[in-house]
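Asks: Below are the sequence and a predicted model; questions follow.
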Amino acid sequence: MTATETETIPPTTTAASVRTPLALRLAVRQMRSGFEGFIVFMACVALGVMVIAAIGGLANALVVGLEHQGRQIIGGDISISRMHARITAEERAALDGVGLTSETATMRVMARTLGGEEQSLAELKSVDGFYPLVGEMKLKGRDNLDKMLADGAVVEPILLERLGLAVGEEFQLGSAPIKISGVIEKEPDGLLDRLTYGPRILVSTALLEQTGLLKPGALIRWRYAMALRDDGKENAEALSAARAELKRQLSTGGFTIVDRTDPSPQVRRTLERLRQFLTLIGLTALIVGGVGIANAVSNYIDRRRRTIATMKSLGASGRTIFSVFMAQILAITLVGIAIGLAAGLAIPSILKALYGDVLPIPPVLAISFGSLAAASGYGLLVALLFSLWPLGRAELISPAVLFRDQVGQTSAIPRWRIIMATVITAVVLLVLTIFSSDTPLIAAYFTGGLSLILLVFYGLGHLVTWIARRLPRAKTPELAIALSSIAAPGGLARTVVLSLGAGLSMLVAVALSDASFVKELTGKLPENSPDYFVLDIPRGEMDRFQSVVSGQVPNAKLQQAPMLRGRIIELGGRKVEEIKPPAEAEWVLRGDRGITYADQVPQGSRVVKGDWWGENYSGPPLVSFEADLARMLGVGIGDQITVNVLGRNISAKIANLRDVDWDSLSINFVMIFSPNTLAGAPSNMLATIGLPDDLGVAEEAAAMRALSKAFPTVTAIRVRDAVDAFNEVFSKIMVAVRVAAGVTLLAGALVLAGALATAQRRRILDAVIFKALGATRRRILTAHALEYLLLAAVTAGFAILLGGFAAWIALTQVIDIPFVLSWPAVLQALGISIALVVVLGGLGTLQVLRTRPVLYLRSE
Amino acid sequence: MNEPIIKLDGLHLSLQSRAGTVDILRGIDLQITHGQSVAVLGPSGSGKTSLLMVVAGLEQATGGSVNVGGADLRALDEDGLALLRGEKIGIVFQSFHLVPTMTALENVALPLEFQGRSEAFEAARELLTEVGLGHRVQHFPAELSGGEQQRVAIARALSTQPQLILADEPTGNLDGETGRQIIELLFSLHRRFNATLLLVTHDEALANRCVRTVRMGDGHILSDDLVSAA
């Protein structure tokens, strides 16, 4: 035999096709028919992934912006601050050893016209000659800051509006008339210093000293920003070393220290919380969209029933069938995820372009791979979770289908391994959600609540169908047709109730909570709550203050208490940095708190444990602590607290615990010390003024003007203005929450659109038969409209009940304010439900009525 | 009743397709008197089902005149055609076309309900008993065999005691014995209600049961034979 004769002919089948798994090859052939029926699937995945990716991207951009702008935000590389006490010479020396230092002071003040006709709460900031160390103060007309401050004060434009003044005119600040020398356009370190909502007034330190506002015990925050020497500016090690050295040297000073790498831990924590909350909302939208995913897969399997039966009759195993269809589902999921990621990446850029100037922190856009990975992971897990069950049914389809007509869908329980895979996927999703959150408990409550809501609506959908089947036959054929459609096994009832129910419930819960909050804040301020809080009344002037007030308004109710600010350093023997408090009590340990001393239990407080110290108590320092917070922080009677006040550490033992009625808005504090502990410390007085209900607006204004004139250095905050300002911020937050809830509703609408599209063929055939039997278009339209209205009303009804219950729980059991039923909120939910179902359903009905009957009668 | 129940003059039906205009019916002239049983025979694609659809008002003619039950169908709008069907025409389809979400009783009662008849369900029950399904009135179509479904469809078509029964291959989806039973039922009810029966079929034996046979081919009537006196 020759070499030629022994040569073998190479195989014609390609090596590539042999190597490609069978399931993949078959899946590719199946997908030749295109993505029909999977548009909603991809849209549901894309929407949820887009929301999560966009939220993550935006939050990341703001956090990175915060970090990148760190130097500008804090006005240097390191910033230290404390209340009341200006830095001592020794402390200053420590700062000067670190780098160039700039001193600023901020406080609330009353700015008035010289004649006292107009006045406004304002935020005063004094600066030294080195300010700003970083960034630039932008003034209108590009004026020079040093020159302006030498001539008077620069102010925000809104102050000019409120006082009716112009540049060049004078206004009263404390006991001094001050010239308005310029207008502020942008403050470089404004984010860090904003206390409340008043317009900014910027003066030099020298001018502040002329106003008489710098009194011992005044509520003034002193801040010192340091710019490291050249070798420290970009050097992280030098920064850490400088911060550590400052902490060592100023350990007893009671300073709060931040550096450029984390310029505002509070803002960062808020952004992170917001990101987590909105991510949960995005996940909710994704899970609601999961219903659409399940429907799409089920319908796809039903349409491929004969194909699957044929493949099985030719020798394909159940596992092969499962793999073929799983490959297709995964491919389509990846397409949906890709679309969602692309859109999610674009949204932060769009928002920055539209609203970038309005944001307090300039966002720094960058691809956050963590956010993208999280969004992709959630998208994949949800798609798997809702696809596994219907795919599991595919492998159970019998070849006998080829020989026997099967009318309608047969429900079957998939094999155990599919059930286990579904459970495992759900658990992985749950674990990922809970442990990627900084507050796992809240995430757990949220996911638990969401699962419960979805289960409830799933059950309610079945209940609606069950009830419709058992109702007595309606008298009119239109209603009979509507009810039989609702009762149909493949009818719309379950999909409508489930897909819209969750989103509507969220909207109702948000709207009812909002209404209750607004009613509580603006309509139901407690009867005994004061009208004004007055700060910084000199202690020695209290009698004169009382006589001025009673002289202006004889029936006015006055309360008073000494007030200082201090920071908790140690609690129950542990340093504050070592304590991980629960979220609800974290605020007590961060930053300064208002503290006071008293020899009697104040109004609005009630001792629930321990004993109050007697009058003229002169023993070791004692403190009374708010009972709920003490419980959350794990301290009790006998534990020690150390507080830094005016630069000194003061320790006291907890002598008793109090319940405080915070709702009354009367003067109350978390910590009240025995008088001997703090009486020697320089402090001003805080007072509340309650005005008679029948006092007119003009008389009130006149009384407050007289008070300001008599006490030019005090600050009066109108409680209703503060509540209104909070309400405004709260409303904006509620808008954002509503938008987030609206995304869930959008997902529900997508699912509904998908279900209607799937049911369309059946609905057209039904309508054609009705027409053949003598039904006019009006009858068919009426029947469809009744079906939609019934479903919408039932869904809205359930959503109102469930959402209302959720709001009631949150308001009365968690937040502790009364629940108020708001009919606009209820009607809004009903309206949205009806609009969505009728509009989407109506589009389908239009097509139904226009279809030529013969097309469907022939082909069936 | 001297006026024919069906009168077609120069009936044309053309449809647009991607390949251009397709002439389905090319100038059909046909008159059918009351009470006649007429079979329309022809191979697939001859236009026989389209003829039935035009007479039922489910397809609009593109030329000629169509008069059914004294009404000019081309002058009626969709609602008018639906009302005409409800009053005067009963249709039996090859694929039954029962409403799957309604019971047998509800399916049969439906046309009567559209007419606003208060005795709809009593009449439906009687008819179902007459077709041998008195014990299955509460069953859904999915729970009935093919023959039973077609019996329900026949009962439904006759529930309004129409003047005209149109049947499109009524035994096409049934086995031999069941089909024979259905045809027996159909003819007995046609005689009982003295309704005109227009039956589309490809079965010569079935066509011979009718008094008249119309043969169609390529959209034309090829022959029109009276088998026996009406």
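Replies: Nice, I can see it. Residues are numbered from 1 along each chain as shown, chains lettered A, B, ... in the order given.
Asks: And the residue nearest the centre of chain B?
Replies: Centroid-nearest residue in chain B: residue B:166, 1.3 Å away (criterion: Cα atoms, centre = their mean).
Asks: give me the element it is part of.
Replies: Using DSSP states H and E, residue B:166 maps to strand B:164-168.
Asks: so what does that strand touch, helix or strand wise?
Replies: helix B:48-55, strand B:89-92, helix B:146-158, helix B:176-193, strand B:196-201 (3 or more Cβ pairs under 8 Å, 6 or more residues apart in numbering or on different chains; DSSP states H and E). Glycine gets a C-beta too; all of them are placed from N, C-alpha and C.
Asks: Relative to residue A:316, which of those is closest?
Replies: Closest of the helices and strands packed on strand B:164-168 to residue A:316 is helix B:146-158, at 30.1 Å (criterion: Cβ to Cβ).
Asks: where's the residue of chain B found nearest chain A, which helix or strand?
Replies: Per Cβ to the nearest Cβ, residue B:86 is where chain B lies closest to chain A, at 2.1 Å. Assigned by DSSP H and E, residue B:86 belongs to helix B:78-88.
Asks: Enumerate the residues of chain A near chain B.
Replies: A:407-408, A:473, A:476-477, A:480, A:484-485, A:487-488, A:491, A:765-766, A:769-779, A:852-854, A:857-858, A:860 (Cβ under 8 Å from any Cβ of the partner chain).
Asks: got the contact list for residue A:695?
Replies: A:553, A:703 (Cβ atoms under 8 Å, 6 or more residues apart in numbering or on different chains).
Asks: can you tell me the residue of the stretch 751-860 of chain A closest to chain B?
Replies: For the stretch 751-860 of chain A, Cβ to the nearest Cβ, closest residue to chain B: residue A:774, 2.1 Å.
Asks: how many neighbours does the nearest residue to that residue once chain neighbours are set aside have?
Replies: In this structure, residue A:774 finds its nearest non-sequential neighbour in residue B:86, 2.1 Å apart by Cβ to Cβ, 6 or more residues apart in numbering or on different chains. Neighbour count for residue B:86, taken as other Cβ atoms under 10 Å in any protein chain shown: 22.
Asks: Can you get me the start-to-end distance on stretch B:112-123?
Replies: 9 Å (Cα to Cα, to the nearest Å).
Asks: Flag every buried residue along it.
Replies: For stretch B:112-123, the neighbour count (16 or more other Cβ atoms under 10 Å in any protein chain shown) marks B:112-115, B:117, B:120-121, B:123 as buried.
Asks: so where do the helices sit in the stretch 451-600 of chain A?
Replies: A:477-487, A:493-518, A:542-552, A:586-589 (DSSP state H, counting those that start in this stretch).
Asks: and these as TSV, adding mean neighbour count and mean pLDDT?
Replies: Listed next are these as TSV, based on neighbours: other Cβ atoms under 10 Å in any protein chain shown; pLDDT from 0 to 100:
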stretch	mean neighbour count	mean pLDDT
helix A:477-487	23	91
helix A:493-518	25	84
helix A:542-552	15	92
helix A:586-589	16	85
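Asks: With distance to residue A:223 as extra columns, can I get those helices in a markdown table?
Replies: What follows is those, written out as a markdown table (distance: least, Cβ to Cβ, whole Å):
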| stretch | distance to residue A:223 |
| --- | --- |
| helix A:477-487 | 66 |
| helix A:493-518 | 34 |
| helix A:542-552 | 30 |
| helix A:586-589 | 20 |
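Asks: Compare these and report which one is nearest to residue B:29.
Replies: From the helices of the stretch 451-600 of chain A, taking Cβ to Cβ, the stretch that ends up closest is helix A:477-487, at 38.1 Å.
Asks: ok, residues contacting that closest one?
Replies: Taking Cβ under 8 Å, 6+ apart as the rule, helix A:477-487 contacts A:464-465, A:468-469, A:471, A:473-474, A:491-493, A:763, A:766, A:770, A:775, A:779, A:782-784, A:786-787, A:790-791, B:99, B:101-102, B:106, B:110, B:113-114.
Asks: hang on, residue A:184 is in a strand, isn't it?
Replies: Yes - counting by DSSP: H, G, I helix; E, B strand; the rest coil, residue A:184 is part of a strand.
Asks: got a list of what it touches?
Replies: Contacts of residue A:184 (Cβ under 8 Å, 6+ apart): A:137-140, A:154-157, A:200, A:202.
Asks: beta partners of it?
Replies: residue A:139 (DSSP bridges).
Asks: and it, how far is that from residue A:133?
Replies: According to Cβ to Cβ, to the nearest Å, residue A:184 stands 18 Å off from residue A:133.
Asks: again with residue A:683
Replies: 32 Å.
Asks: Please pick the buried ones from the contacts of residue A:184.
Replies: Buried members of those, counted by 16+ other Cβ under 10 Å: A:137, A:139, A:154-156, A:200, A:202.
Asks: Please identify the residues of chain B in proximity to chain A?
Replies: Residues of chain B lying near chain A (Cβ under 8 Å from any Cβ): B:49-50, B:53, B:56, B:58-59, B:78-79, B:82-83, B:85-87, B:91, B:93, B:95, B:97-102, B:106, B:110-111, B:113-115, B:121, B:141-142, B:156, B:160.
Asks: Which ChimeraX command selects the buried ones in these?
Replies: The following ChimeraX command selects only the buried members of the residues of chain B next to chain A, with burial defined by 16+ other Cβ under 10 Å:
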select /B:49,50,53,56,58,59,82,83,85,86,87,91,93,95,97,98,99,100,101,102,106,110,111,113,114,115,121,141,156,160
